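> sequence? don't have it. structure:
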């Protein structure tokens, strides 16, 4: 077997792919599997955790945020993960999936404070609503491959926080959330355009602390109604959610969720990770654990997000 020095061709990497160690895997295998990252939580934690979505198991340390967060939103392309929502600032931070390490400054959001959630295709990332000095309905967007400040995209229907966000190649979805009241409405946006939300349909119950992720065709909402309920939509259509199954336990705050288009991995209010198969229906099963317990809301993204064609 040759040594690992120098630049390998793709054919050489495939030829020797079984000889790579778990913590030094081939980039081909790593990106084929899909990487999921969790940012922050627990009283402004700076921790970034990583999982390989196709292989159940515990998370490993990826690096640290510049500043901690407990309630942000995150988006991803094939190369970058970007998060916004540091509670007391408008800072946006990013990491490069292929290189573990600390976050780098990206630019600034248009508002100061927590971002409720986010969704992206491979080009644009949208950050929905949140809490600065009060609840707001602003949607920001960025171009993921560049750096710089966010631009106003439009508005969600309700000024809110703690809703769910995800996207396909063309549509971004935001559902649930709460202000003085909890909401069950689902909004959608055409990512290539700018403008205010259009009504998509409704969740089965008003939902705060709900979270979600998607393949390119199906979107998942986890923790609907402050319970163990999982529901789904077909992103290209409009209409109300359909029952998918149940989480492993009732949750008061379903946290970050990421996917490789086949498997969705969801974080509950401890350090537990749960998984489902997006194309089917059924109850969640155990995936593994984060590196520490995250009692406050985290955000997650991956390099196989809804914007990558299935």
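Okay, I see it. For clarity, every value in this text was computed on a predicted model and none was experimentally measured.

> Assess the claim that residue 77 and residue 142 are in contact.
No - checked against Cβ atoms under 8 Å, the pair residue 77 and residue 142 is beyond contact range at 10.6 Å. (Each C-beta comes from the backbone N, C-alpha and C, glycine too.)

> the more surrounded of the two?
Higher neighbour count among residue 77 and residue 142: residue 142, with 27 against 23, using other Cβ atoms under 10 Å.

> The more buried one bridge partners, please.
residue 125 (DSSP bridges).

> Could I get the full set of strands for the stretch 151-300 of the chain?
151-155, 161-167, 171-178, 185-190, 198-202, 211-214, 218-224, 229-234, 242-246, 257-259, 263-267, 272-277, 285-289, 299-302 (DSSP state E, counting those that start in this stretch).

> In CSV, list these along with mean neighbour count, distance to residue 135 and mean pLDDT.
Below are these laid out as CSV (neighbours: other Cβ atoms under 10 Å; distance: least, Cβ to Cβ, whole Å; pLDDT from 0 to 100):
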stretch, mean neighbour count, distance to residue 135, mean pLDDT
strand 151-155, 17, 12, 97
strand 161-167, 29, 6, 91
strand 171-178, 28, 9, 95
strand 185-190, 22, 15, 98
strand 198-202, 16, 20, 98
strand 211-214, 30, 18, 90
strand 218-224, 28, 20, 94
strand 229-234, 22, 24, 96
strand 242-246, 16, 28, 97
strand 257-259, 30, 22, 91
strand 263-267, 28, 24, 92
strand 272-277, 22, 29, 94
strand 285-289, 16, 32, 94
strand 299-302, 30, 18, 86
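
> what would the ones you listed look like in a markdown table with distance to residue 111?
A markdown table is the format used below for the strands of the stretch 151-300 of the chain (distance: least, Cβ to Cβ, whole Å):
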| stretch | distance to residue 111 |
| --- | --- |
| strand 151-155 | 9 |
| strand 161-167 | 12 |
| strand 171-178 | 15 |
| strand 185-190 | 17 |
| strand 198-202 | 22 |
| strand 211-214 | 21 |
| strand 218-224 | 25 |
| strand 229-234 | 27 |
| strand 242-246 | 33 |
| strand 257-259 | 24 |
| strand 263-267 | 25 |
| strand 272-277 | 31 |
| strand 285-289 | 33 |
| strand 299-302 | 16 |
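
> between these, which gets nearest to residue 46?
Proximity to residue 46 (Cβ to Cβ) singles out strand 299-302 among the strands of the stretch 151-300 of the chain, at 13.2 Å.

> picking that back up, nearest to residue 70, of the strands of the stretch 151-300 of the chain?
strand 299-302 (9.5 Å).
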